[in-house]
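K.L.:
Give me the fold of what follows.
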Amino acid sequence: MSSILQTSVMRGRYRPAGLPFIAAVAATAAGSISTVVSCNRQAGRDAKPNVLFIAVDDLNDWGEPFGGYPGVQTPNLSRLAKEGQLFTRAYCSAPASNPSRASLLTGIRPSSSGVYHNNQPWRPALPDAVTLPQYFTANGYEVEGSGKIFHGGYNDTASWPVYHPVERSPVPPGSPLLGKAHFDWAPVQVTDQEMGDYKNVTYAVDFLKKKKDRPFFLAVGFTRPHLPWYVPQKYFDLYPVDNITRPDVIANDLSDIPKAGVKIAKPEGDHRFIVENGQWEKAIQGYLASISFFDAQLGRLLDALEASGQKENTVIVLFGDHGWHLGEKEHWRKFALWEEAARVPFIIVAPGVTKPDSRSERTVNLLDIYPTLLELCGLPAKEELEGNSIVPLLKRPDAEWEHPSLTTHGKDNHALRSERWRYIRYADGSEELYDHDTDPQEWVNLAQKAEYEPVKRDLSRWLPDKNVPDAKPAKKK
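P.N.:
Model prediction:
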C-alpha cells in the first residue's frame with residue numbers, strides 16, 4: 001500500500017412503463033441466468049440471496065454508529081451496524097442527489113455521463129444504461145421500489161416492475177416559517193402514520209409479508225432528513241435547544257480556500273442567514289429530530305424483514321446519498337467537495353460473508369454498490385461498471401485496497417480521499433490538500449506548500465481521464 005494510503009486515526013469530530021426495454025435486457029441476459037441457475041442446482045446451493053436496498057436522503061455521518069454527533073438517538077442504525085459491516089470512510093460520487101443516485105444506480109461516474117447536477121435528467125444522457133433494479137429484474141428477481149430511489153422528477157419507469165412513488169408529508173400551518181422556501185424546520189403536530197416515510201415503509205412491510213417463489217430486490221427510499229425538517233413533535237423533544245452543540249468551527253476558515261471553493265461555500269447565503277437570525281442551534285435540532293424520525297421508520301423495516309423469515313438470506317445495503325454541512329466551512333447543505341458533504345453512512349449486512357459488528361477503514365465509494373451486489377448475488381459481472389466490488393473488504397475488512405475515493409461536483413471539479421489525505425482540484429486548476437492524520441477538520445490547506453507536491457502528484461493519478469460536457473438541463477417550467 002502506498003504511503004498516502006496508510007490507515008489514519010478516525011476523525012475525532014462531531015461533528016411498469018418501460019416493460020419492452022426490460023424485456024430486451026432480460027433476453028440478452030437469459031443465457032447468463034440459465035447458466036447461473038444450473039450451476040447453483042449442480043452445486044446444491046440455496047436460492048440466491050434477496051436484497052434490501054435502503055437509500056436515505058441527506059443523511060450525513062451524525063448517526064450514532066458513525067460518531068458524527070454525540071448524543072444522537074439512532075438505535076436502529078446502531079442495531080443494523082452491529083449485524084454487519086460499517087465503512088468508516090465511505091464517500092459519494094457526487095454531493096447532490098441526482099448525480100449521486102444516477103451514478104450508483106447505473107454504475108457510471110458523473111464525469112463519464114455529464115450528469116453533474118440536480119437539474120440534469122439522467123436517462124437522456126445514459127439512454128442505454130441498465131440500472132441496478134433493471135439488471136436484477138433481468139436476472140430473475142422480483143423487483144419493487146418504494147419512496148425516493150432516483151432523484152425527484154427523474155424516476156425511471158423502465159427500472160421498476162412495481163414502484164410506489166414518494167408519499168408527501170404534512171407541513172406546519174404558515175410554512176415556510178422562516179421565509180426561506182424548504183430551508184425551514186419546525187415540529188409538525190401529526191402522528192408518525194401521517195408522514196410520507198411511514199407510508200413508504202408500509203408498502204415495503206406489505207411486500208415482505210407476501211410469500212415469494214423467487215428472490216427479491218426491494219428498494220426503500222427515505223426522504224428525511226432532507227429539508228424541510230418537519231417531523232412530529234416527539235422527535236424535536238429528544239433534543240432540547242439548550243443542549244444543542246454546534247460543530248467545531250474556526251473563524252476565517254475560508255481564508256486559505258481558493259476562489260472556486262469559496263464560491264461553492266456561499267458564506268453570504270445560508271450561513272449568514274443562520275447566524276444573523278440566531279437559528280444555528282434550532283437548525284441542528286431540526287436535523288437531529290429528522291434523523292431520529294428516519295431511524296424509527298428504519299426500525300419498522302428491519303422488524304418486518306425479521307418477521308418475514310427472510311433475514312438470514314437477505315443482503316442489506318444502507319447508504320446516505322451524500323453528506324451534509326451544518327455550518328462547517330461557513331456552508332450549509334451538500335454541494336461541496338469537503339469531508340462533510342462527501343462522507344456518507346454506509347452499512348452492508350451479507351449473511352455468510354460479513355462478520356457482526358465489523359468495520360473497515362478503507363476508502364470506498366457508493367459507485368461500488370452495483371458491482372458488489374452482483375458478486376454477492378452470483379450475477380454476471382458488467383464490464384462497463386466504473387466502481388469496484390468491495391466483497392474482498394466484506395470478507396476481510398483490513399484487506400489491501402488501492403482505491404482512493406473520487407467525488408465530483410461539476411465538470412472538472414474533483415476530490416480524492418485516501419485514508420490519510422483529501423485532495424481537491426477545481427476546474428480552474430486551484431487546489432486544496434488536507435492531512436486527516438493531523439487535521440481531521442480540514443482547517444489547514446496544504447496545497448501550496450512545496451513539500452506536499454509528491455502527495456498531490458500521487459493522488460492526481462486517480463483523477464478521471466474523461467470529463468464529458470454537461471448533460472442537457474431540464475427545461476424550466
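K.L.:
Pretty sure Asn60 sits against Gly323.
P.N.:
Yes: between Asn60 and Gly323 there is a contact at 4.3 Å, judged by CB atoms under 8 Å. Glycine gets a C-beta too; all of them are placed from N, C-alpha and C.
K.L.:
Touching both of the two, which residues are there?
P.N.:
Overlap of the contact sets of Asn60 and Gly323 (by CB atoms under 8 Å, 6 or more residues apart in numbering) consists of 340, 343-344.
K.L.:
Would you mind listing which of those are buried?
P.N.:
Neighbour-count burial (16 or more other CB atoms under 10 Å) applied to those gives 340, 343-344.
K.L.:
Next up, phi/psi of Phe346, please.
P.N.:
phi -150, psi 120 (degrees, to the nearest 10).
K.L.:
Grab the nearest non-local neighbour of it.
P.N.:
In space, and not counting its chain neighbours, Phe346 is closest to Ala90: 3.5 Å by CB to CB, 6 or more residues apart in numbering.
K.L.:
Repeat that for Pro170.
P.N.:
Leaving aside its chain neighbours, Pro170 sits nearest to Val190 (5.0 Å; criterion: CB to CB, 6+ apart).
K.L.:
pretty sure the one you found contacts Pro232?
P.N.:
Yes: if you go by CB under 8 Å, Val190 and Pro232 touch, sitting 6.0 Å apart.
K.L.:
Now do the same contact list for the residue most central in space within the chain.
P.N.:
A centroid search over the chain (CA atoms, centre = their mean) returns Asp321, at 2.3 Å, as the residue closest to the centre. Neighbouring residues of Asp321 by CB under 8 Å, 6+ apart: 55-59, 92, 97, 100-101, 104, 344, 366.
K.L.:
Read off the pLDDT value for it.
P.N.:
pLDDT for Asp321: 98.
K.L.:
what about it, distance to Asn200?
P.N.:
Distance, Asp321 to Asn200, using CB to CB, to the nearest Å: 16 Å.
K.L.:
next one: Trp62
P.N.:
Counting by CB to CB - Trp62 and Asn200 are separated by 22 Å.
K.L.:
contacts for stretch 203-212?
P.N.:
Stretch 203-212 has contacts (CB under 8 Å, 6+ apart) with 142, 144, 146, 164, 216, 218, 220, 300-301, 304-305, 307-308, 310.
K.L.:
count of neighbours near the residue nearest to Gln310 when sequence neighbours are not counted?
P.N.:
In space, and not counting its chain neighbours, Gln310 is closest to Asn50: 5.8 Å by CB to CB, 6+ apart. Other residues near Asn50 come to 24 when the count uses other CB atoms under 10 Å.
K.L.:
For Asn50, grab phi and psi.
P.N.:
The phi and psi values for Asn50, taken as degrees, to the nearest 10, are phi -80, psi 170.
K.L.:
Pull out the buried positions in the lengthiest helix in the chain.
P.N.:
Longest helix in the chain, counting residues (DSSP state H): helix 280-308. Across helix 280-308, burial judged by 16+ other CB under 10 Å covers 280-302, 304-305, 308.
K.L.:
Show me how far it is from its chain's centre.
P.N.:
Relative to its chain's centre, helix 280-308 lies at 16 Å (CA atoms, centre = their mean, to the nearest Å).
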